[in-house]
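Chemist: Prediction below, plus the sequence it came from.
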Amino acid sequence: MGRHVISLAGNPNVGKSTVFNQLTGLKQHTGNWPGKTVGLAEGIADFKGKSYCLVDLPGTYSLSSNSEEEEVAQAFIESDRSEATVCVCDATSLERSLNLVLQIMQASDKVVVCVNLIDEARRKGIHIDIEKLQYLLGVPVVATAARQNEGLDDLMAALSKIDSGTLKMNPYMKEALVSLQENPEENKLALLDRASAIANDVVEITDEYYNRRDRNLDKILTQKSTGIPIMILLLIMVFWLTIQGANAPSDALATFFAIIGDYLNQFARIIQMPEWLRGALIDGIYNVLSTVISVMLPPMAIFFPLFTLLEDFGYLPRVAFNLDKYFARAGACGKQALTMCMGFGCNAAGIVGTRIINSPREKLIAIVTNNFVPCNGRFPILISIITMFFVGSSVSLGGSFLSAILLAATVILGVLTTFWISQLLSKTILKGVPSSFTLELPPYRKPQVGSVIVRSIFDRTLFVLWRAILVAAPAGLVIWMLANITIGDYSLLTRVTDVIDPFARLMGLDGTILMAFILGLLANEIVIPIMVMGYLSKSTLFEFESLDQFKNLLLNNGWTWLTAVNMILFTIYHWPCSTTLLTIYKETKSSKWTWISFLVPTLMGVSVCMLTTFLAHSFNLV
Ligand SMILES: Nc1nc2c(ncn2[C@@H]2O[C@H](COP(=O)(O)OP(=O)(O)OP(=O)(O)O)[C@@H](O)[C@H]2O)c(=O)[nH]1
Ligand SMILES: [Mg+2]
């Protein structure tokens, strides 16, 4: 006999994915905001020599499918595959959770109720009588604190009764619930009534002011006068810690890779490796790889954990709350603030996240504009150009602070552009009235620093780095070949860059930079290495060991402050990378919208760069 399939359902942000991860040993993304999980995830949980297949569902408030993720959850619970359902509840707001429990009890015969976040309830002085709850519901009820791995054995023990066929519901209860269903309208109200009656019966609040601290903090973080300034300060702080912290390790890595490179070259000479092969392997693949790693790894290893800490603490929904009215004014959905934040990590992830937006029109707006916030592949470009050209390459505290401010300003420009373009879209091709929704502010939770660091390094940093490496290695080879295969007197690379050079000059860039961005369609991480290689193929040997050398290389190739400004602008305004485009196509199933998502930022970038160049030249600024 196959494994029993058990679904994990519940309201958003109650800890379903945390229960799932603890039981299966997998690493579904969890986060302190509603709507983190958007698809189905399956995993195997072992208990007393038997194994069970668990399915983590997106959060849902009801089984009447109001949005795409709710539909996914409902369809799975009602399907034949799901043999039993664990309904995960939030002990700190039991009444709302119970409403869903009752709906699930109507739809499914085998239900186990898991009252999670019991530690948080205890802390807030909320007491729940589990025995009584079990009696009133007529299904097994288990209290858990999933993050601390408390009570999960009891949960598995309750579930394992499915093997002996003794996982049952009180038949009278089932009958009563089913009879309610005859009248769907009354059913809804009747369930709400019953949930509230049960909650009143089993919940005892011993500390009336339990959430006073949260409310006070919310006031500071979300009120008009302090909300947005604090947001900007936090942004600058995160960037500053990232830039300052990444400096030394980046240099150390670059030096390390240069030394290894020397050894590799010596080794190649000793074994008399043919020159073309040595060039392709070391000057091509190895150099691009080592640049990508030394430039990207340290900032990511700092940025991701910081971001995850804020996310776990519960700050992201407050950002959404602060930006809600601006999105509404732009005719878009406030939840777009959340998908925009996810775009900071990876735009493809931001696109998948747009599933939490119910209205198709607002979802498209969020998709088309997601690319205006720079992802991790683009931060290193911004940081290095800003530091080199506008801060001076000194590695001082003040220097990195100024870099952080400029970087934050660039990001804020991206956010403002998101509003402008959202508004433009909602006035033109995506006309409509913004839907209203009430954003929920989840409680603040103390992040678990250790696990956040481990999780963000393994799940995100190494994942993103690995993807960059997969693209960088072949790209390094291709660009090396382009630079070394000559037709007549010129290399293929020079020929291609010469063709696009006049156009690039109009934008205040040059052919090599534009070429690097075009190849960067594969992944933004490779833009800088390709640009360096492109310049190198025209000049002599160079070892990328410090920003000063890098700056000299750029200056020798005719860079001015205007080139740097345009490079920064083009980094935030250009086409999404191929992974993101593919994700957009998968989400919208429309080549038209994929093209629009490609064209909107691209046209924006080309025209903005042309404008700055035109202005700078007309006023004789360069
Ligand atoms: N204190 C405490 N925090 C928990 C517990 N279980 C989960 N959390 C935290 O609650 C937050 C939400 O957890 P998730 O597992 O992502 O919740 P989810 O139900 O999968 O959320 P969605 O996928 O958005 O529906 C995370 O920050 C978890 O670390 C618990 O038992 N105690
Ligand atoms: Mg989840």
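Modeler: Cool, the structure landed. Ligands and ions are numbered 1, 2, ... in the order given.

Chemist: Within the sheet, what are the partner strands of the one helix or strand residue 142 maps to, with directions?
Modeler: Residue 142 belongs to strand 141-143 when assigned by DSSP states H and E. The strands beside strand 141-143 in its sheet (DSSP bridges) come out as strand 111-116 (parallel).

Chemist: Briefly note if the strand it pairs with comes near ligand 1.
Modeler: Yes. Contact between strand 111-116 and ligand 1, assessed by C-beta under 6 Å from any ligand atom, occurs at residue 116. C-beta coordinates here come from the backbone N, C-alpha and C atoms, glycine included.

Chemist: hang on, the earlier thing: residues making contact with the strand holding residue 142?
Modeler: Where contact means C-beta atoms under 8 Å, 6 or more residues apart in numbering, the residues beyond strand 141-143 that reach it are 91, 112-115, 118, 128, 130, 133-134, 151, 154-155, 158.

Chemist: one more time with 6 Å
Modeler: Residues outside strand 141-143 that contact it (C-beta atoms under 6 Å, 6 or more residues apart in numbering): 113, 114, 115, 118, 130, 133, 134, 151, 154, 155, 158.

Chemist: quick one, what contacts the fourth one?
Modeler: By that I understand residue 118. If a contact means C-beta under 6 Å, 6+ apart, then residue 118 has 91, 143, 145 as its contacts.

Chemist: In PyMOL, how would I select just the buried ones from those residues?
Modeler: Selecting just the buried residues from the contacts of residue 118 in PyMOL takes one command, with 16 or more other C-beta atoms under 10 Å as the test:
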select buried, resi 91+143+145
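
Chemist: Export the contacts of residue 118 to TSV and append columns for distance to ligand 1.
Modeler: Rendered in TSV, the data for these read as follows (distance: C-beta to the nearest ligand atom, whole Å):
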residue	distance to ligand 1
91	8
143	10
145	4
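
Chemist: For residue 4, state which of the contacts of residue 118 is nearest.
Modeler: Closest to residue 4 out of the contacts of residue 118 is residue 143 (22.8 Å), distances taken as C-beta to C-beta.

Chemist: which secondary structure elements does the helix or strand hosting residue 216 contact?
Modeler: Assessed by DSSP H and E, residue 216 sits inside helix 212-222. Applying 3 or more C-beta pairs under 6 Å, 6 or more residues apart in numbering; DSSP states H and E, we find helix 212-222 packed against helix 315-329.

Chemist: check contacts around the residue of the stretch 151-300 of the chain found nearest ligand 2.
Modeler: Using C-beta to the ion, the closest approach of the stretch 151-300 of the chain to ligand 2 is made by residue 152 at 16.0 Å. For residue 152, the set of contacting residues under the criterion of C-beta under 6 Å, 6+ apart consists of 22, 144.

Chemist: Quickly note the distance from it to ligand 1.
Modeler: If you measure residue 152 against ligand 1 using C-beta to the nearest ligand atom, to the nearest Å, the figure is 10 Å.

Chemist: per-residue confidence averaged over the helix or strand containing residue 252?
Modeler: If you go by DSSP H and E, residue 252 is part of helix 224-270. For helix 224-270, the mean pLDDT works out to 90.

Chemist: Following the chain onward from it, which element is next?
Modeler: Sequence order places helix 275-278 as the next helix or strand after helix 224-270, per DSSP H and E.

Chemist: Show residues contacting that next one.
Modeler: With C-beta under 6 Å, 6+ apart as the contact definition, helix 275-278 has outside contacts at residue 268.

Chemist: repeat that for 8 Å
Modeler: Outside helix 275-278, the residues touching it (C-beta under 8 Å, 6+ apart) are 265, 268, 484.

Chemist: Go through it and flag the buried ones.
Modeler: Judged by neighbour count using 16+ other C-beta under 10 Å, the buried positions of helix 275-278 are residue 278.

Chemist: Can you turn the buried part of the contacts of helix 275-278 into a PyMOL selection?
Modeler: Applied in PyMOL, the following selects the buried portion of the contacts of helix 275-278 according to 16+ other C-beta under 10 Å:
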select buried, resi 268+484
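
Chemist: Quick one: the strands in the protein, in order.
Modeler: For the chain, the strands defined by DSSP state E occupy 4-10, 41-47, 50-56, 84-90, 111-116, 126-128, 141-143, 203-205, 486-487, 490-491.

Chemist: That's all I had, so thanks and see you.
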